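> okay, here's the prediction I keep looking at, along with the sequence it came from:
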Amino acid sequence: MFGRTPRTIGLAWLLQRVSAVVLAVGLIAHFLVLHFLIERPVTLDKVADRLKAPCWVTFDLVLLALVLYHGLNGVNNILADYAPKAGTRAWTRRVLWVLGIAAFAFGVVILVPLTKKL
C-alpha cells in the first residue's frame, strides 16, 4: 500500500494534477456562493441552511478530501525528494496518511452537526 513503484508514482502525479483542476473549479464555486450568492452578512444560520441540501454537503466533503489529498501529496513529494532512505520515506508517508484521515474525520465531525442545525 505504501510502496513507491513507477505506477504508483505516475498515478500520484496524475491525481495531483486532476485534484488541482477540480480544486480550482470547486474553490471558484465555493467563493461565488459564499461571497456573492448568500445574502449579507453570512451567518452560521445561513451556512447551516445551505448545508441542508445533500449536494452541498457532498460538495464540501469532496472539496475537503481533495484539499487534503492535494496538500499532503505535495508534502509527500517534497519529503520524498529530500529523504535519503526508503524507510524514512515510508514512515513519513504513513504519518501523512494518518494526518489526512484524522483531518478528514475532524472535518466530517464539524460538518455533520451543521446539517442538523435549525
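Arrived safely, thanks for sending.

> chain center to stretch 88-105, what's the gap?
Centre-to-centre, stretch 88-105 and its host chain are 13 Å apart (Cα atoms, centre = their mean, to the nearest Å).

> now stretch 41-48
22 Å.

> next, the buried residues of it.
V47 (16 or more other Cβ atoms under 10 Å). Placement of C-beta: from N, CA and C, glycine included.

> all helices for the protein, in order.
The residue ranges that make up the helices of the chain, judged by DSSP state H, are 6-32, 44-50, 54-82, 86-115.

> need these in CSV (columns: mean pLDDT and distance to I38).
Listed next are those as CSV, based on pLDDT from 0 to 100; distance: least, Cβ to Cβ, whole Å:
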stretch, mean pLDDT, distance to I38
helix 6-32, 89, 10
helix 44-50, 82, 5
helix 54-82, 91, 11
helix 86-115, 90, 14
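
> buried ones in stretch 54-62, by neighbour count?
56-57, 59-60.

> determine which two of those are furthest apart.
Across the buried residues of stretch 54-62, the longest distance by Cβ to Cβ is 7.2 Å; it joins V57 and F59.

> list the contacts for Y69?
15, 19, 100 (Cβ atoms under 8 Å, 6 or more residues apart in numbering).

> and those as CSV, adding neighbour count and distance to K85?
Converted to CSV, those look like this (neighbours: other Cβ atoms under 10 Å; distance: Cβ to Cβ, whole Å):
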residue, neighbour count, distance to K85
L15, 14, 25
S19, 20, 28
G100, 18, 22
